[in-house]
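# kindly generate the corresponding structure for this input.
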Amino acid sequence: MFGNLFEEEEEEEEEGVSPASSSGRVAKGGDEPPPPRGRSNLCGLKNQGGTCYLNSLLQTLLFTPEFREALFSLGAAELGCLEHKENPGAKVRVIPLELQKLFASLLLVDQQSASTANLTSSFGWNSSEGTNQHDVQELNRILFSALDHSLVGTTGSTFIHQLYHGTIVNSIVCKDCGNVSQRQEDFLDLTVCVCGVSSLEEALWNMFVEEELFQGNNLYRCAHCDRLVTAAKSAKLKKLPPFMTMSLLRFSFDFAKCERYKETGRYSFPLSINLKPFCEETDAEDSDYSYELFSVIIHKGGCYGGHYHVYIRDIDQLGKWEPPEEEQKPKTQKKSKNEVEQMCAPILQEDDPLSVITAIIAQEPSKSVLTDQLGQKLMEKIGSSWSKKFRKHYGPIGKFLQSNNNVFMLVSNGTRVALKANPPSPTTEPPGAAKQATNPDPLTPSDPRAAEQHLDLQQNHWFDLNDSMVTSIRESDIEKQFQGKESAYMLFYRKTQLHRPSEALHNPQYKIPLNLIQMAQEENIQMQKMREEFEATNNTVELRLHLAPSYRLEGGALQPLSKGVAASNALSFDRRKTVGDLRLAIYQKQELWEGDMALTLAKSLPAGLHLYNTLTDDNVSLYSAGVCTNSDLFVWNGREVCGATVLVGAEWEPVLLNVVRPSLGDEGGFENGGPGLKREARGFAGAATLGEVREALGEPEESLLCQEHKGGPTGEQGPGEGGGASGWRVFPPDDMQRTLKELSLKDGDALLVLEPQSFDSSMFARNGDVVTVTTPSDCRWLQVEFGPHGEGGGDGETEEQRKIKVPASGNMLLCEVKQRAIEELQLQEQISVHLCCPTLVHPTVCEELSVRAAGVRLMTTLTLCPGNAPKASQLFLHFSVGAAPSAGMEMDIIVEKTSTVKECLKTMLDVVGLEGTCWHLRRLDWCEEVGEPIMDEDASLSELKINNGETLVVTQGQLPPKVLTLPALQDVCVPTTAFLRVWQLEGRRLARILRGGQLTLKKLKLSSGTDLCVQQLLKEEDLGPKDVMLNVKMGVPGERCFYPPEELVWDAARDSSPRSLRTRLAAHFCLSPDSLLLAKHQPDKHAWEEISNWNQQVSKKKKKRKAESLLGPPFHLKDGDTIGIKNLLIDNKREFLTVEDEQGQQRLREQAEQRRKGRHYEKTGLSKPRKPEVALSINVGVFR
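Numbering: from 1, shown residues only. From the prediction side, this is the model:
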């Protein structure tokens, strides 16, 4: 009937789905086994996507002991076996068997949640049925009907009828003759009304006590009188079942709005109820009519989506109930506890300090109070301090506590005060307190929370079963489900006469068939094996063992004896085992090891292997000791390696430094044997002082140690990248006593070592604490080559290519390099040559630049090519005609940077001997193909950012005209385009003015189909990028209207604040800025937003003030906006709203009301499409 009326939304359904694993670890390989049960020791049910309604009902049936025991009483002789269900002709009652199997798994298998896939498959559901949610009340009836049909012909064919079947008798009494007409009606659950009633008792009263009168126009035809008479109709409960199910009608239909809705008002229900007032026969004992609540199915959400979960009382105490956390308790529970506390608290005597302090300590959860907080709590209790109220008669509070040591005692080294035996004062003892004092139960103190906890522990074991999650709740938490979007939907009561045998308590195997117990035991064994294998795999760590005999100590770190040979051994080990187990395993692998064995965590650093903390406690696990996968462990005797003492710890972490020394001759690496620097990588302990480093290097005390100065202007220049000297900072004498870590020296830093006589060389120069080093790497050479480019002589001989090396530096001009090369190569007779650098993107270089400025790297080759070199004011360009140039087919020209495109084109045409005006230039795109034409022929090459060495293509054809004539504007006659204003339209409204005559439509972000509006102006207009064109209207004094609007251009480039706009308007209207009141009109809302001199709040942390811009939120001023102005000197009305605005607002309200009324008639398409409603059904075989 309802289909999937209550289809749940994804985000709400996910609330009940628990993660697959609570461990939080990622499996290394393979599927992770299901986690074991949680702290509640109860098993949940997995959600198949939308089966929370099924899970809630199944858990309720499982925790109905009489239902599950009746189901378990049916054996294989009556139900058949699941193994034979595929056999033809075999009558296997699949649904009861799968339900038995699921219940046994929920009770006995150690897993967090069980799957309902096999059960839903026995229903005949496919995979899509698991994602459709249905009404749990409808499922309750259909499942009971399916079980009835499945159990036909068995001893259990009537067990549902025995447990849930009841009878209602409907009576109609004739008021004239007294004739009674009765009709009985069977039920498995009672459907009670929620709308218009406040509680379950009131709804039952309306159903079974109140009479309905047939009178007036609604008369009843009496069979005995044979005429229409006045009659009274009533209903009574004739037969009460052992289990009473109440289905609450939370969902209704509004016929006025033609839509469904959920009743979320308060609807209370009792924990125990007596149905005697609602029964036909009331002669039996009261216990025959008494019921107690044991399950509440809860629906969270609306009528089209939501989630089900269930509160259940564990009658057989199969789970482990624990008090929930304090922060999870509802407000109603706290309120009820405060009321209980007030009832149970003794009558306080505010004039008796013993009574006051005793009450304060007794009400604390820990039954003790910090001594320094006792005075504050006393003031909160009685509203007065100890000094004012009691000090005069009893002395200091500490002395009072000591004098009453028979009542109070100091604990926690005297920091807290507690009660000795918690004896009540004779003057404050409430009635019955003597009996409470002799109660040996420690969970019955004066604290009401402990009393409620004690009550919960004794009998009321309530749990919240939310799909896979099972948590403990208090009985008082049920009050939360009286109202709201998350509220009770089905109530399950059981007769108080139904007592459970003692052997059923805490016994999940009670009355479960032996075959199901064995099946669960086998599954537990298999699952435990899977968990052990998974844990073993997930806890295996890969270790690298480094043995001391394979290492030596050098440079503050451990180095392998044999380079190129792996000095570590791989070992796989379980991190759950102890350090002692690891030590024993290593002993067994290293049979020749003698003496003590120490295991120390190590780490490979650039300087070598370094040791950190030693594992000394053999009883801790590797996980607790901080050993993880890929850890390095050093195995040694704990004292020395190869006779050298090893310093352990982070403070001795070695640093790998590049020690730089002066070198002579070939050591410098310079071709002519000149002096240079040599570098050597050396490691030192991080805690070593700079003086110890100097001593380790074998340098005398007068030697200088320098650190490379990276902040200098030449420090960023690497060798061979244009040259330049390097700067070094000399360490002062005080730094000799500081460690390398204190000096912030790290791996890879350079350390220059100089002796005093080193400054005799021209290579080193000292200025204060800075040493400048000029080495051959800063003054290298350039190789210049020259080859003949003309034709050879008649004898066919050609001149060989000649090369020469020219000494050069980064600051040397290229023209000097060229001149030296010409002199060395004896090319004075050549007409003209210029330098080319093949390694550059644009080979031709400007000879007026230095080597560094031209980007030429030292120790590279330059080529002397025929032709003149470009000057600094010129460009060297390549060009081709007609198509993209191929290798070697392009031509070169030199033109001035200030030349226009037209002049450059003419020069190219003259070079190739072409004439005419039907030519234009194009640039190459990033694919080295012919790109877009250069449209502006009057622009200079520098303005178009055409760079040196760029390639242009001379293409045939004339450029299109600069101004395109639109057909719609053919009749418009204006002197220039500055007399036209172009608007972009958005929603038939002027949105923005298009600026920039040189910008393309693509740059203006105009696409196909954009609406434009052209406005003709009376004067020229040239709006800047930050100019805003506003329509300003001055208000008519004393009236609700405005003068005609005027256009005003506001320059917001420098200042876009409200003050700037106010100043501009004041200057335009010749008024004082302080007398103006401004507002922006919102045409879509027919409202005005006042613009005041507002100041943005500035955070204390941000000292810089943000700019107050009207171009940003909340005003977003743009072209075409209307600004209203009020002159407060002559107009006292600050209201900007006009009569037209009020009429527009009224129209908006009417349209909104029409949309609200017609929402159920029109599909707007904005709501989430719902799935088609599917009827709920369970397929059952024929067993008659």
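# tell me how far stretch 571-578 lies from the chain's centre.
On the basis of C-alpha atoms, centre = their mean, to the nearest Å, stretch 571-578 is displaced by 35 Å from the centre of the chain it belongs to.
# can you give me the first-to-last residue distance of stretch 611-622?
End-to-end distance for stretch 611-622: 17 Å, by C-alpha to C-alpha, to the nearest Å.
# check stretch 905-920 too.
7 Å.
# kindly report the same for stretch 129-144.
For stretch 129-144, the first-to-last residue distance is 19 Å (C-alpha to C-alpha).
# could you give me the average pLDDT of it?
Stretch 129-144 comes out with an average pLDDT of 89.
# buried set for that stretch?
Buried residues in stretch 129-144, defined by neighbour count with 16 or more other C-beta atoms under 10 Å: 129-140, 142-144. The way it works is simple: take the backbone N, C-alpha and C, and place the C-beta from them, glycine included.
# in the stretch 1-150 of the chain, which spans are helices?
Residue ranges of the helices in the stretch 1-150 of the chain, as given by DSSP state H, counting those that start in this stretch, are 10-13, 52-62, 65-72, 76-79, 94-108, 117-122, 136-150.
# so the second one versus helix 94-108, what angle?
What it means is helix 52-62. 70 degrees (axes from the mean of the first three to the mean of the last three C-alpha atoms, to 10 degrees).
# name the strands paired with the top strand by length along the chain and say parallel or antiparallel.
Determined from DSSP state E, the single longest strand within the chain is strand 290-301. Strand pairing for strand 290-301, using DSSP bridges, gives strand 272-274 (antiparallel), strand 306-313 (antiparallel), strand 486-495 (antiparallel).
# P65 is nearest to which of those strands?
Between P65 and the strands paired with strand 290-301, the shortest separation by C-beta to C-beta is 9.3 Å, and it involves strand 486-495.
# any idea which helix or strand comes after the closest one?
Using DSSP states H and E, the helix or strand that follows strand 486-495 towards the C-terminus is helix 514-538.
# check which helices and strands that following helix is in contact with.
Counting contacts by 3 or more C-beta pairs under 8 Å, 6 or more residues apart in numbering; DSSP states H and E, the secondary-structure elements packed against helix 514-538 are helix 94-108.
# what is the helix it packs on packed up against?
Packing partners of helix 94-108 (3+ C-beta pairs under 8 Å, 6+ apart): helix 52-62, helix 65-72, helix 76-79, strand 113-114, helix 117-122, helix 136-150, helix 514-538.
# and with 10 Å instead?
If contacts are counted by 3 or more C-beta pairs under 10 Å, 6 or more residues apart in numbering; DSSP states H and E, helix 94-108 sits against strand 44-45, helix 52-62, helix 65-72, helix 76-79, strand 113-114, helix 117-122, helix 136-150, helix 514-538.
# go through the fourth one and flag the buried ones.
For helix 76-79, a neighbour-count test (16+ other C-beta under 10 Å) marks L79 as buried.
# what is the rounded mean pLDDT of it?
Here the average pLDDT along helix 76-79 is 90.
# now that helix: how far from the chain's centre is it?
54 Å.
# likewise for the last one?
Distance, stretch centre to chain centre, for helix 514-538: 36 Å (C-alpha atoms, centre = their mean).
# following that helix, which helix or strand shows up next?
Sequence-wise, the next helix or strand downstream of helix 514-538 (DSSP H and E) is strand 540-547.
# what does that following strand contact?
Residues outside strand 540-547 that contact it (C-beta atoms under 10 Å, 6 or more residues apart in numbering) are 28, 558, 560, 566-576, 582, 586, 589-590, 593, 599-600, 602, 604, 609, 611, 622-623, 627-636.
# in its sheet, which strands sit next to it, and in what direction?
Paired strands of strand 540-547, with direction, are strand 568-574 (antiparallel), strand 631-636 (parallel) (DSSP bridges).
# the last one: which residues count as buried?
Residues S631, D632, L633, F634, V635, W636 are the ones in strand 631-636 that count as buried (16+ other C-beta under 10 Å).
# what about stretch 185-204, start to end distance?
For stretch 185-204, the end-to-end distance is 16 Å (C-alpha to C-alpha).
# most tightly surrounded among the strands paired with strand 290-301?
Highest mean neighbour count among those (mean count of other C-beta atoms under 10 Å): strand 306-313, with a mean of 24.
# what about it, average pLDDT?
Across strand 306-313, pLDDT averages out at 95.
# can you list the weak-confidence ranges in the stretch 901-1050 of the chain?
The stretch 901-1050 of the chain contains residues with pLDDT under 70 at 960-968, 970.
# all strands of it, in order?
919-924, 930-933, 951-956, 980-986, 989-993, 1012-1016, 1027-1034, 1046-1051 (DSSP state E, counting those that start in this stretch).
# flag every buried residue along the fourth one.
Read that as strand 980-986. R981, W983, Q984.
# ok, so of those, who is nearest D110?
Nearest to D110 out of these is Q984 (C-beta to C-beta; 69.6 Å).
# one step back: biggest separation within the buried residues of stretch 129-144, which pair?
Farthest pair in the buried residues of stretch 129-144 (C-beta to C-beta) is T131 and F144. Separation: 24.1 Å.
# on that earlier part again, can I get the buried residues of strand 980-986 in TSV with distance to G166?
Listed next are the buried residues of strand 980-986 as TSV, based on distance: C-beta to C-beta, whole Å:
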residue	distance to G166
R981	84
W983	78
Q984	75
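# return the helix or strand in the protein with minimum mean pLDDT.
When the helices and strands of the chain are compared on mean pLDDT, DSSP states H and E, helix 433-437 comes out lowest with a mean of 36.
# quick one on the thing from earlier: emit the ChimeraX select command for whichever of the contacts of strand 540-547 are buried.
Burial among those is assessed by 16+ other C-beta under 10 Å; the matching ChimeraX selection reads:
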select :558,560,567,568,569,573,574,575,582,586,593,599,600,602,609,611,622,627,631,632,633,634,635,636
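# neighbours of the residue nearest to L1077 when sequence neighbours are not counted, how many?
Excluding its sequence neighbours, the residue lying closest to L1077 (C-beta to C-beta, 6 or more residues apart in numbering) is K1126, at 4.1 Å. By other C-beta atoms under 10 Å, the residues close to K1126 number 23.
# quick one: contacts for K1126?
1034-1037, 1042, 1075-1079, 1090, 1132-1136.
# show me the strands in the stretch 301-450 of the chain, by range?
Going by DSSP E, counting those that start in this stretch, the stretch 301-450 of the chain shows strands at 306-313, 368-370, 408-411, 416-419.
# including distance to P1058, could the ones you listed go into a markdown table?
As requested, the strands of the stretch 301-450 of the chain are arranged in a markdown table below (distance: least, C-beta to C-beta, whole Å):
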| stretch | distance to P1058 |
| --- | --- |
| strand 306-313 | 49 |
| strand 368-370 | 56 |
| strand 408-411 | 66 |
| strand 416-419 | 61 |
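# and of these, who's closest to K902?
Counting by C-beta to C-beta, K902 lies closest to strand 306-313 out of these; the figure is 75.8 Å.
# relative to helix 136-150, how tilted is that closest one?
Angle, strand 306-313 to helix 136-150, by the same axes, to 10 degrees: 70 degrees.
# quick one: distance of strand 306-313 to the chain centre.
On C-alpha atoms, centre = their mean, the centre of strand 306-313 falls 29 Å from that of its chain.
# repeat that for stretch 1018-1028.
47 Å.
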